[in-house]
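Visitor: Give me a 3D structure for the following:
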Amino acid sequence: MSVSTVVVLGLTAACSGGGDDGKDEKPGRADATSSASAKLEKAALASGDVKKYEVEVTNESGEAGKSGGKAMPPAGRVNPAECRPLSEMLTASAPAKSKAHVSRTLSSTDVADTTTTEVVLLAYGQADAEEAMDTLREATKSKKCATFADGGRRYIGVRPQPGPVGGDEAVSYKLASRAGEFLHRDRVTVVRSGSTLIAFRASNVFDPESARADEEGEAAGLPEKFRDGVTGDPKVADAIVEAQLTKLTEAK
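Guide: The predicted model follows:
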């Protein structure tokens with residue numbers, strides 16, 4: 001079973017306060033956002049960049065604070081509030097201080113691999129990028145964030161994980177949420193390269209019924225390719241991280 005969730009991870013064009021005060025939209029800020037989006041689009045993964053993976057445009061480049069043209073949820077919906085950085089990296093959107101974002105979803109061409117990976121690139125100012133990593137790192141280590149709620153969804157089992165090698169710094173964590181009898185599991189890795197953050201979110205679904213059937217099939221000698229339960233935690237493939245960091249470096 002494959003569930004695209006993903007991944008990952010604003011600055012809107014400033015507008016005048018009213019139609020009669022003589023102030024127009026500030027073109028400089030709008031141009032900066034457009035330029036940031038264009039640079040991210042150039043650096044985003046495309047078909048053929050990662051062997052044995054299909055690449056899908058999850059949503060077009062967007063302004064910060066929005067996802068697919070919709071405003072991000074209000075900060076108050078995450079409880080405890082200090083866990084908000086963990087939640088922000090679970091969506092193909094952009095936290096408040098980022099300038100723009102693009103999102104891609106990768107699926108393995110191997111039918112036995114049911115993990116999907118969302119990759120979100122986020123443009124920041126240098127200081128804001130470093131601050132975002134610091135607050136994310138603190139949240140992964142906070143005992144208060146071992147479980148947290150985002151609206152009607154409750155996340156459990158939040159644990160920091162070893163980060164990948166590459167970029168200037170990285171933060172990685174895993175977590176899960178329940179949906180009826182199913183368990184949605186995510187591994188999130190955020191890498192900073194200069195003032196750009198890349199959020200990788202690998203996801204799969206644990207189905208107890210399929211897992212039991214797989215155990216019975218294994219005992220009966222059924223080849224693994226004919227089993228469809230997911231038993232292991234999702235992992236962000238090294239090949240995806242390496243390909244994205246390489247393309248980002250080449251695009252600069």
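
Visitor: where does Ala170 land in three-state SS?
Guide: At Ala170, secondary structure determined by DSSP: H, G, I helix; E, B strand; the rest coil is strand.

Visitor: Tell me which helix or strand Gly48 sits in.
Guide: Gly48 belongs to no helix or strand when elements are defined using DSSP states H and E.

Visitor: quick one, phi psi at it?
Guide: phi 100, psi -10 (degrees, to the nearest 10).

Visitor: count of residues packed around it?
Guide: 9 (other CB atoms under 10 Å). From N, CA and C alone the C-beta is placed, and that goes for glycine too.

Visitor: Tell me which stretches of this protein form helices.
Guide: 27-43, 84-88, 126-141, 208-219, 238-251 (DSSP state H).

Visitor: which one of those lies closest to Asp168?
Guide: Smallest distance to Asp168 across these (CB to CB): 8.7 Å, for helix 126-141.

Visitor: just checking, what packs against that closest one?
Guide: Counting contacts by 3 or more CB pairs under 8 Å, 6 or more residues apart in numbering; DSSP states H and E, helix 126-141 is packed against helix 84-88, strand 153-161, strand 169-179, strand 182-193, strand 196-206.

Visitor: can you list the ones you listed in TSV and add mean pLDDT?
Guide: Formatted as TSV, these follow (pLDDT from 0 to 100):
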stretch	mean pLDDT
helix 84-88	93
strand 153-161	95
strand 169-179	95
strand 182-193	94
strand 196-206	94
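
Visitor: could you redo those as CSV and give each row distance to Ala139?
Guide: Converted to CSV, the helices and strands packed on helix 126-141 look like this (distance: least, CB to CB, whole Å):
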stretch, distance to Ala139
helix 84-88, 5
strand 153-161, 8
strand 169-179, 8
strand 182-193, 11
strand 196-206, 14
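
Visitor: deepest of those, which one?
Guide: strand 196-206 (a mean of 25; mean count of other CB atoms under 10 Å).

Visitor: elements contacting it?
Guide: Counting by 3+ CB pairs under 8 Å, 6+ apart, strand 196-206 packs on strand 116-123, helix 126-141, strand 182-193, helix 238-251.

Visitor: let's see 10 Å
Guide: Applying 3 or more CB pairs under 10 Å, 6 or more residues apart in numbering; DSSP states H and E, one finds that strand 196-206 contacts helix 27-43, strand 100-108, strand 116-123, helix 126-141, strand 169-179, strand 182-193, helix 238-251.

Visitor: Which among the ones you listed is found nearest to Arg153?
Guide: strand 169-179 (5.3 Å).

Visitor: between the closest one and helix 126-141, how many degrees?
Guide: Going by axes from the mean of the first three to the mean of the last three CA atoms, to 10 degrees, strand 169-179 is angled at 50 degrees with respect to helix 126-141.
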